[in-house]
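> Provide a 3D model corresponding to the input given below.
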Amino acid sequence: MRSAMLVILVTLSAAATAGGSALAAPATPLPGTALASNTDARDCSVAETRRLVGRFIRAFNEGSTARLDRIFAPAGSFGWYSTDAPGRRLGTAAYDRSTLIRYFAARHAQRERLLLRRWQGNGNANGYSHFQFRLVRQARDLQPAGYEGKGAIVCSSSRNTIAVWSMARRS
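The predicted structure is shown next:
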């Protein structure tokens, strides 16, 4: 369903770069973010970006909402978390940080699991470390299925957090 990924990315204003290998960094901070005024922001290394993605997947699979809450950027820096069905989270819902942890708890209740198959760091731009991935997503309401996606991390001296995570079923 490459068209589903396109809908997610277009809907969320996440245009791909020429080769389609990196989430394009917005010319200005993500909607609702305070990154421009965050003097603590810095470039992330590829290794620390990869580690944070791994921490997210472990916390997600374990259903650790407290860890997930710390891994994702706070409301002022959060961009979005989007996916197609099941557990569809698109449009304005994807931008709503206040519902994210309840969403994760609901997906954990469905015994959803993510298995990272491929990861690629795409460097830093405009205060974000960009990456893309392929994974297997499965739950009670989803037979194992290949997904692909892109994301962005905000790094700072105090804490690195995921600002954007967007995924859809691979065609």
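
> which SSE is immediately downstream of the longest helix along the chain?
Selection of the longest helix in the chain by residue count, based on DSSP state H, yields helix 46-62. Heading C-terminal from helix 46-62, the first helix or strand you meet, by DSSP states H and E, is helix 65-71.

> what residues sit buried inside that next one?
T65, L68, I71 (16 or more other Cβ atoms under 10 Å). Where C-beta positions appear, they are placed from N, C-alpha and C, glycine not excepted.

> give the contact list for D40.
Contact analysis of D40 by Cβ atoms under 8 Å, 6 or more residues apart in numbering lists S156, S157, S158.

> assign the last one to helix, strand or coil.
On the three-state scheme (DSSP: H, G, I helix; E, B strand; the rest coil), S158 is labelled coil.

> isn't R137 right up against A145?
Yes. Counting by Cβ atoms under 8 Å, R137 touches A145, with 5.7 Å between them.

> neighbour count winner among these two?
The neighbour comparison of R137 against A145 (other Cβ atoms under 10 Å) goes to R137, with 23 against 14.

> any idea which element that one lies in?
Using DSSP H and E, the element containing R137 is strand 128-139.

> can you check W165 too?
Going by DSSP H and E, W165 is in strand 161-169.

> what angle do that strand and strand 128-139 make?
Angle, strand 161-169 to strand 128-139, by axes from the mean of the first three to the mean of the last three Cα atoms, to 10 degrees: 50 degrees.

> who are the packing partners of strand 161-169?
On a contact count with 3 or more Cβ pairs under 8 Å, 6 or more residues apart in numbering; DSSP states H and E, strand 161-169 meets helix 2-11, helix 46-62, helix 65-71, strand 80-82, strand 128-139, strand 142-156.

> show me the one of those that comes nearest Q120.
strand 128-139 (5.2 Å; Cβ to Cβ).

> what about the chain, any weak spots by pLDDT?
In the predicted model, the chain carries pLDDT under 70 at residues 1-39.

> go again with 50.
1-37 (pLDDT under 50).

> out of the buried residues of helix 65-71, which one sits closest to S45?
I71 (17.2 Å).

> F131 against I162, yeah?
No. Proximity of F131 to I162 does not meet the contact threshold set by Cβ under 8 Å, at 9.7 Å.
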